[in-house]
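> Structural data only, the sequence is not supplied:
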């Protein structure tokens with residue numbers, strides 16, 4: 001499958017515009033890779049939301065014939081803050097799984113379990129069930145002492161992707177998530193990304209910005225200090241307002257070092273703003289996440 005798609009793309013390269021040429025290799029591989037990411041997807045201080053499904057909307061536009069089954073599994077490791085706004089980092093590891101059936105259903109450690117409920121040649125709307133692992137006070141007892149835990153909670157996510165065109169493969173993405181438990185709040189993202197020049201048959205990469213919004217329930221759970229927490233900790237009472245939580249930028253790359261084996265690397269930088277940045281819990285308003293995985297595509 002992979003060799004056939006590569007050959008088909010190479011044969012069609014001369015038919016494309018000069019602007020689109022650097023991106024053609026993306027279409028040959030993006031469906032197979034589907035950018036599986038670490039098991040820590042949807043936790044605080046994550047990658048950019050678009051990085052969990054980078055390239056998937058491009059596949060249908062660039063490659064009309066999509067395999068019925070697309071499966072990739074592997075192992076991943078992430079270096080990320082101990083909590084959103086922490087100045088301390090730790091490593092997390094877990095599986096990397098991405099399964100897609102007939103451009104309709106998907107099960108992914110990044111996107112969750114869901115389906116494309118509406119779609120066209122260059123757009124899709126999906127709904128998925130995901131999971132937020134919450135925050136444990138013991139992750140950083142010095143800074144979270146008396147704050148209690150934020151319990152793990154399931155989430156429902158509605159997302160939409162739109163590709164401008166083949167010649168200008170900019171992908172626009174919007175999503176909104178609601179947790180049931182944990183913060184019991186709403187959080188959403190607006191993002192954009194596109195493949196970068198320098199992509200080839202075995203290597204391709206994407207980059208783009210993202211902005212995250214959240215309601216008052218979410219903001220106060222993660223960044224607020226209620227009266228009981230103020231009495232049990234060294235922090236003063238603090239009310240976090242709804243609005244823009246953060247702005248960020250991400251870069252994702254995939255390298256096929258053998259026919260079925262590939263390595264993925266995701267880097268994201270996040271800048272907390274507004275109530276999140278001013279929170280007494282926030283030790284550092286600028287954070288980064290580095291995710292590495294090795295995967296096998298069947």
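Looks like it came in fine. Fair warning: this is a prediction, and the values are worked out from it, not measured in the lab.

> Does residue 173 lie in a helix or a strand, and which?
Per DSSP states H and E: residue 173 is located in strand 171-179.

> try residue 219
helix 216-223.

> which other helices and strands contact that helix?
Contact partners of helix 216-223 among helices and strands, from 3 or more CB pairs under 8 Å, 6 or more residues apart in numbering; DSSP states H and E: strand 186-195, strand 243-256, helix 274-278. From N, CA and C alone the C-beta is placed, and that goes for glycine too.

> can you give me the helices in the stretch 1-150 of the chain?
Shown for the stretch 1-150 of the chain, the helices assigned by DSSP state H, counting those that start in this stretch span residues 2-12, 24-33, 56-62, 141-144.

> Now do the buried residues in the shortest one.
When burial is assessed from 16 or more other CB atoms under 10 Å, helix 141-144 yields the following buried residues: 143, 144.

> Any idea how far it is from the middle of the chain?
27 Å (CA atoms, centre = their mean, to the nearest Å).

> sorry, back to before: just give me how far the helix or strand just after the helix holding residue 219 sits from the chain centre.
Moving toward the C-terminus from helix 216-223, the first helix or strand encountered (DSSP H and E) is helix 227-232. Centroid displacement of helix 227-232 relative to its chain, using CA atoms, centre = their mean, is 34 Å.

> what does helix 227-232 rub up against?
Helix 227-232 is contacted from outside by 145, 146, 147, 148, 235, 236, 237, 238, using CB atoms under 8 Å, 6 or more residues apart in numbering.

> Ranking by neighbours, what's the top pick from the residues you listed?
residue 147 (22 neighbours; other CB atoms under 10 Å).

> related to what we said a few turns ago, and residue 86, which of the helices and strands packed on helix 216-223 is closest to it?
helix 274-278 (12.4 Å; CB to CB).

> what comes into contact with that closest one?
Residues contacting helix 274-278 (CB under 8 Å, 6+ apart): 84-85, 219, 222-223, 239-241, 243-246, 271, 282, 285.

> From the residues you listed, list the buried ones, please.
By 16+ other CB under 10 Å, the contacts of helix 274-278 give 84, 85, 219, 222, 223, 240, 245, 246, 282, 285 as buried.

> what stretches of the stretch 1-150 of the chain score poorly on pLDDT?
Filtered on pLDDT under 70, the stretch 1-150 of the chain yields the residue ranges 1-45.

> rerun that using 50 as the cut-off
For the stretch 1-150 of the chain, the stretches with pLDDT under 50 are 1-42.

> sorry, back to before: who does the strand holding residue 173 pair up with?
strand 153-163 (antiparallel), strand 186-195 (antiparallel) (DSSP bridges).

> got the angle between that strand and helix 216-223?
Orientation of strand 171-179 against helix 216-223 (axes from the mean of the first three to the mean of the last three CA atoms, to 10 degrees) gives an angle of 80 degrees.

> ok, residues contacting strand 171-179?
Contacting residues not belonging to strand 171-179 are listed as 42, 49-50, 53, 57-58, 130, 132, 153-164, 185-194, 208, 218 [CB under 8 Å, 6+ apart].

> What's the separation between the residue of the chain positioned farthest from its centre and residue 237?
Residue farthest from the centre of the chain, counting by CA atoms, centre = their mean, is residue 231 at 36.1 Å. Separation of residue 231 from residue 237 (CB to CB, to the nearest Å): 9 Å.

> Can I have the buried ones of the contacts of strand 171-179 as a ChimeraX selection?
Burial among these is assessed by 16+ other CB under 10 Å; the matching ChimeraX selection reads:
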select :42,49,50,53,57,58,130,132,153,155,157,158,159,160,161,162,163,185,186,187,188,189,191,192,193,194,208,218
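
> Can you tell me which of the contacts of helix 274-278 is nearest residue 92?
residue 84 (14.0 Å).

> From residue 203, how far off is that closest one?
32 Å.

> What of residue 253?
For residue 253, the distance to residue 203 - CB to CB - is 7 Å.

> swap in residue 113?
With distances taken as CB to CB, residue 113 is found 30 Å from residue 203.

> Between these two, point out the one with more neighbours.
residue 203 (17 against 13).

> What sits closest to that one if chain neighbours are left out?
residue 255 (4.9 Å; CB to CB, 6 or more residues apart in numbering).

> Tell me how many other residues surround the one you found.
For residue 255, the neighbour count with other CB under 10 Å is 15.

> again with the one 4 residues further on
By the other CB under 10 Å criterion, the neighbourhood of residue 259 contains 11 residues.

> From residue 201, how far off is it?
Taken as CB to CB, the span from residue 259 to residue 201 is 11 Å.
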